[in-house]
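> What shape does this take:
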Amino acid sequence: MSGNKRRLVSAVGVAALVLAGATGCTFADASSESTPSPTSSVNPDPGADALATVTTAQVDAAVDDLASSVETAMDASGTPGIAVGVVYQGDVLYAEGFGVRDLDSGDPVDAETVFPLASVSKSIGASVVARAIDEGYVSWDTPVADHLEGFALSDPYVGSHVTVADMYAHRSGLFKHAGDELEEIGYDRATILERLSLIPLAPWRAAYAYGNFDITAAGEAVARAAGEDWADLSERLLYEPLGMTSTSSRYADLESRDNRAMGHMQLDGEWVVTPDQRQPDEQSPAGGVSSSVTDLTTWLSMLLAGGEHDGEPFIEASSLVPAMSPQIVGSPPTSFGSRAGYYGYGFNVGTTAGGLVDVNHSGAFLLGTGTVFKLLPGAGLGIVVLSNASANGVSEGIAARFLDIAQYGAERRDWVPLFMSVFEGESEPFGSLVGETAPADPDPAQALEAYTGEYANDYFGPATVALVGDELELSLGPTGRWALEHWSGDEFVFRPFSENAPPGSISKATFDGDTLVLEYFDQHDLGTFTR
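Below you'll find the predicted structure:
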């Protein structure tokens, strides 16, 4: 990955990767596929017809395989803890925990252990919006600006017309992960949403770019329409009526749980509890839900039942079906004959190699979460896998193996190593100087006082360069603080470490008179500061 490419780590749904695993659209290899058994009868709905057949016997075999599958994946990756839940034809067939929820305490994971879900929150939040639509607060086509006072984008027309649906489908024109860099340096939700108006837009409704604060803006608009806080609205409309007592959209609730999975990451080759746990409240509608497999199997059962719960209507199909249907191409074909992947409203939608619709989403925190759910609505089958390790593809690999056995009777390929290799590539350190050795004979810097001062930037706010002792310190936003190390001439470096900057990242800070360019914050040409 290029050092200047935006990282796929901050509450990212890993949409393209999940679809690749489900459909083969990226990793297709026809020679490796076993031939699925033909269906015994043609589905009366031609649009739902498929050659793959999910049978009770195959689902039972897939469930029987789970313990071995999980243990193999944990051994291969070092993941400390995993929980898995399976639902089929309205029944919860499996809900188990493996390993430990905290390497320091050694406490075990079980079906009630609460994990941060990262971007699986997007699909849960879309379910909240669907219920809010049923309550009459909004529709999918309601403009965000109708209820989110002051909301604007750089194109005034788009800002006033972009809808809840547009934001949930990532088709607003904002760049990938827009706003994440502001959250990283400590800005609150209101400030981040306000500054989205400073971002140049790609064509509206023509370009897909995955993000968190587009969905957060939409969720906030829905909450304002209902006159409630987003977390309160989610609890009232979804968690409470479904009996999801361990589920919340507030970090404080996760933090207070006794049976809580701590995030883990690898530092210096060793798995450790992440020093600073991920706190995603500012992007709660997109990445802030925490839950257990016990609660999530209830939610998945409702989705697979077409919006019914306990045999009663819970979400109208007219509100839920659009969210779980293709609305924009999320991952275009990469070669002739490969499948496309699609995004709905907070859900990935694809097609398995056997022809079954696959609805799914992943969640990923570099600071210690890897989650996924996958549904085959036509078969009434779903699986959720939660892990407490820096996202490494293990959850996706376990889910892909399970669905292979359920559809074809055997795993078609070894998914865990494949997904692990993809995730490893997506978590490389940032920076054009990564791997470079500092110059042995650098050009001299000016006197350090020559670089000090406040450098203005509308999007990021002012950057302050101050002399602290005998070195320069860079301050940006409420919490961004880094030492500046001299590299050569007027070029310095700093070493970001955060949800978006894996260990080993290094960024140039280049001074040119009264101008300062911060490489890490210039990935979308917004990182120039003027004194």
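> Number of residues surrounding the nearest residue to Pro200 once chain neighbours are set aside?
Spatial nearest neighbour of Pro200, excluding adjacent residues (C-beta to C-beta, 6 or more residues apart in numbering): Ser154 at 5.8 Å. C-beta here means a position set from N, CA and C on the backbone, and glycine is covered the same way. Look at Ser154: counted by other C-beta atoms under 10 Å, it has 14 neighbours.
> I'd say Ser154 and Ser197 touch.
Yes. Contact between Ser154 and Ser197 holds when scored by C-beta atoms under 8 Å: they sit 5.9 Å apart.
> where do the helices sit along the stretch 1-150 of the chain?
Taking DSSP state H, counting those that start in this stretch as the criterion, the stretch 1-150 of the chain contains helices spanning 15-23, 56-77, 120-134.
> Please tabulate those helices in TSV, including the columns mean neighbour count, mean pLDDT and distance to Ala340.
Shown next, in TSV, are the helices of the stretch 1-150 of the chain (neighbours: other C-beta atoms under 10 Å; pLDDT from 0 to 100; distance: least, C-beta to C-beta, whole Å):
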stretch	mean neighbour count	mean pLDDT	distance to Ala340
helix 15-23	26	39	8
helix 56-77	18	97	27
helix 120-134	27	98	20
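> for these, which one sits closest to Ser249?
Ser249 lies closest, by C-beta to C-beta, to one member of those: helix 120-134, at 7.4 Å.
> name the helices or strands packed onto that closest one?
Counting contacts by 3 or more C-beta pairs under 8 Å, 6 or more residues apart in numbering; DSSP states H and E, helix 120-134 packs against helix 164-168, helix 213-226, helix 230-234, helix 284-287, helix 293-304, helix 317-320, strand 357-365, strand 369-376.
> re the thing from before, looking at the helices of the stretch 1-150 of the chain, which is nearest to Glu184?
Of the helices of the stretch 1-150 of the chain, nearest to Glu184 by C-beta to C-beta is helix 120-134, at 17.8 Å.
> who wins for proximity to Lys176 among the helices of the stretch 1-150 of the chain?
helix 15-23 (11.0 Å).
> and Gly355, which of the helices of the stretch 1-150 of the chain is closest to it?
helix 15-23 (10.2 Å).
> quick one on the thing from earlier: A strand includes the residue nearest to Pro200, no?
No. Looking at Ser154 with DSSP: H, G, I helix; E, B strand; the rest coil, it is coil, so not inside a strand.
> contacting residues for it?
197-201 (C-beta atoms under 8 Å, 6 or more residues apart in numbering).
> switch the cut-off to 6 Å
Ser154 makes contacts with 197, 200-201, as judged by C-beta atoms under 6 Å, 6 or more residues apart in numbering.
> and what of Ala509?
484, 492, 494, 518.
> Let me know the secondary structure of it.
Assignment for Ala509 (three-state DSSP): strand.
> which residues does it form a beta bridge with?
According to DSSP bridges, the residues that bridge with Ala509 are Phe492, Leu518.
> can you pull the pLDDT of it?
With respect to pLDDT, Ala509 scores 98.
> hang on, the earlier thing: which one of the helices of the stretch 1-150 of the chain lies nearest to Gln279?
Closest among the helices of the stretch 1-150 of the chain, using C-beta to C-beta: helix 120-134, at 13.5 Å.
> ok, residues contacting the closest one?
Contacts of helix 120-134 (C-beta under 6 Å, 6+ apart): 138-139, 168, 215, 219, 222, 234, 237-238, 285-289, 315-316, 319-320, 323, 345-347, 361, 363, 371.
> CA atoms of it as PDB?
Taking C-alpha atoms only, helix 120-134 is exported to PDB below (Å, rounded to 0.1, in the frame of the first residue of the first chain):
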ATOM      1  CA  VAL A 120     -21.200  -3.500  12.400                       C
ATOM      2  CA  SER A 121     -22.700  -0.500  14.200                       C
ATOM      3  CA  LYS A 122     -23.700   0.800  10.700                       C
ATOM      4  CA  SER A 123     -26.100  -2.000  10.100                       C
ATOM      5  CA  ILE A 124     -27.500  -1.900  13.600                       C
ATOM      6  CA  GLY A 125     -28.000   1.900  13.200                       C
ATOM      7  CA  ALA A 126     -29.700   1.400   9.800                       C
ATOM      8  CA  SER A 127     -32.200  -0.900  11.700                       C
ATOM      9  CA  VAL A 128     -32.800   2.000  14.100                       C
ATOM     10  CA  VAL A 129     -33.400   4.300  11.200                       C
ATOM     11  CA  ALA A 130     -35.800   1.800   9.700                       C
ATOM     12  CA  ARG A 131     -37.800   1.800  12.900                       C
ATOM     13  CA  ALA A 132     -37.700   5.600  13.000                       C
ATOM     14  CA  ILE A 133     -39.200   5.600   9.500                       C
ATOM     15  CA  ASP A 134     -42.000   3.400  10.700                       C
END
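> Flag every buried residue along the next helix or strand after that helix.
Once the chain leaves helix 120-134, the next helix or strand it forms, by DSSP states H and E, is helix 156-161. For helix 156-161, burial by neighbour count (16 or more other C-beta atoms under 10 Å) applies to 158-159, 161.
> Against His264, how distant is the residue lying closest to Gly99 once chain neighbours are set aside?
Among residues not flanking Gly99 along the chain, Gly81 sits closest, at 4.0 Å (C-beta to C-beta, 6+ apart). Relative to His264, Gly81 is positioned 8 Å away (C-beta to C-beta, to the nearest Å).
> which residues are common contacts for those two?
In contact with both Gly81 and His264: Asn388, using C-beta under 6 Å, 6+ apart.
> which residues of the stretch 151-300 of the chain score low on pLDDT?
Filtered on pLDDT under 70, the stretch 151-300 of the chain yields no residues whatsoever.
> I should have written the stretch 301-450 of the chain there, sorry.
Using pLDDT under 70, nothing in the stretch 301-450 of the chain is flagged.
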